[in-house]
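# Okay, structure incoming, though there's no sequence with it:
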């Protein structure tokens, strides 16, 4: 009986030690379908910046995919909004973000200017489309659209403030 138990233990040890070692994590870039035993060699790529939205603490190398929250300010220099009861309604990706009611007197609007502006924040880096409507308020409940812009593309670059000027 002892011989049978010894034989079984030896057989189990022999087969368990013959497993092919390698990276067995399918998320790793060096994942091996043949690996039956994890050997700690898995290599992960991804975003290595802890300030990014998609930070990967397991990543060994930066792959350029980091995304950040962006900050965009919309500023108007259109003369029409100087007229009483006229304002611009602004949408980004078909989502209303607010009204601009005054023009910017600064010749070079910036993120730090004192101009009247709308903030478009907490959006990931990427491409967006902006559209605006010039609207005149005729009475307390009556409005008239004077002008509708075509969609205008702009980029949000992470961790930087971008100024989008409506002229």
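Arrived safely, thanks for sending. The structure presented is a predicted model; accordingly, all values stated were derived computationally and were not measured.

# And the residue nearest the centre of the chain?
In the chain, the residue lying closest to the centroid (C-alpha atoms, centre = their mean) is residue 124, at 2.2 Å.

# Provide a list of residues in contact with that one.
53, 67-70, 156, 158 (C-beta atoms under 8 Å, 6 or more residues apart in numbering). Bear in mind the C-beta positions are built from the backbone N, C-alpha and C, glycine included.

# Residues contacting stretch 127-134, please?
74, 78, 80-81, 86-94, 100, 145-156, 164, 166.

# buried subset of those?
74, 78, 81, 86-92, 100, 154, 156, 164, 166 (16 or more other C-beta atoms under 10 Å).

# Among those residues, which one sits closest to residue 38?
residue 156 (39.7 Å; C-beta to C-beta).

# so the closest one makes contact with residue 67?
No. With contact defined as C-beta atoms under 8 Å, residue 156 and residue 67 do not form a contacting pair (9.6 Å).

# which residues do those two both contact?
By C-beta under 8 Å, 6+ apart, the residues touching both residue 156 and residue 67 are 124-126.

# about what we covered before: farthest pair in the contacts of residue 124?
53 and 156 (12.2 Å).

# Tell me the secondary structure of residue 42, please.
Three-state call for residue 42 (DSSP: H, G, I helix; E, B strand; the rest coil): coil.

# wait, what's in contact with residue 143?
135-137.

# so who does the residue lying closest to residue 58 once chain neighbours are set aside touch?
Spatially, and ignoring its direct neighbours in sequence, residue 58 is nearest to residue 44 (4.4 Å; C-beta to C-beta, 6 or more residues apart in numbering). Contacts for residue 44 (C-beta under 8 Å, 6+ apart) come out as 27-29, 56, 58-60.
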